[in-house]
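A.B. asks: Here you go, sequence then predicted model.
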Amino acid sequence: MRTWARRMAVVFVIGGGLLPCIAYAQGKDSGRTVTPVSLGLSSSRQYPAGMADVRGLSLGFLNNADYSVTGIQVSLGSNETKDTAYGLQIAGLANGASNTAGLQVSGLANFSKNTAGLQVAGLLNLNANIDFSGKRSGTYAIDGIQISGLINVTDNMEGMQMAGLLNRVRIIRGVQTAAWNNGTDVSGGQCGVANFAEEIQGLQIGLVNWSKNARGIQLGVVNRAEELKGLQVGLLNFKADRFIPIVMIGW
């Protein structure tokens, strides 16, 4: 037992001396702290102090704040990455990053300007830049999948959105699945209770389908398209000012 205790003491002494040396290695170009491990209670009480470039593991309790992360960032509260998070972000409440390449998992919400990978949240996934006045600026994108209990929002997307309540996108090349799907330019499909698209090339399946310009198939109880090149199958089908039950064919 004494031998084991001595060995552990040596490990702690050596580790305690080496860790600060490793943690405070300076980046040649950025001048920021580069560390394999970041630990903290909150963003104001973490080691190393200030926002660092983490190449490994970042662990936080209330709020975890790093400049960039290549590896894993975990917090019971929230994770914040000012630049890019490469790898995995896991938070009890929320994840935030300017850019994400990998996976974001949170109990409440995920925020990112641009995402390549997967976002999974209990309530909200948002890809946009929002200032304190609540205004969105710029155009941001996701290449991958958004899954949330309530709402997914992004500007441009290639992939899939799955939500319990609402999916909102400006341009999507892929699939939306939610109670309410809303897109400006959709190439692919929408499946939900209500589907709305300014322009759609593909398939709409729902109780209510609406499009200003539809090229493809609308399958539902009520289908409406101002311009239709394709097929409407439903109880009530509308093309501009025309109404035909069951089946409407447009060309």
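C.D. replies: Sure thing, it's come through. Residues are numbered from 1 along each chain as shown.

A.B. asks: Let me know the helix or strand that Leu207 is in.
C.D. replies: strand 194-239 (DSSP states H and E).

A.B. asks: Show me what that strand packs onto, helices and strands only.
C.D. replies: For strand 194-239, the helices and strands in contact under the criterion 3 or more Cβ pairs under 8 Å, 6 or more residues apart in numbering; DSSP states H and E are strand 180-191, strand 242-250. From N, CA and C alone the C-beta is placed, and that goes for glycine too.

A.B. asks: Could you list the low-pLDDT ranges of the stretch 101-250 of the chain?
C.D. replies: 129-139, 246-250 (pLDDT under 70).

A.B. asks: Please find the angle between the direction vectors of the strand holding Leu207 and strand 180-191.
C.D. replies: Calculated by axes from the mean of the first three to the mean of the last three Cα atoms, to 10 degrees, strand 194-239 forms an angle of 70 degrees with strand 180-191.

A.B. asks: Ala49 belongs to a helix?
C.D. replies: No - looking at Ala49 with DSSP: H, G, I helix; E, B strand; the rest coil, it is coil, so not inside a helix.

A.B. asks: what about it, distance to Thr33?
C.D. replies: 8 Å (Cβ to Cβ, to the nearest Å).

A.B. asks: Repeat that for Tyr47.
C.D. replies: Distance of Tyr47 to Thr33, given as Cβ to Cβ: 10 Å.

A.B. asks: Which one's more surrounded, these two?
C.D. replies: Thr33 (20 against 15; other Cβ atoms under 10 Å).

A.B. asks: No more questions from me, cheers.
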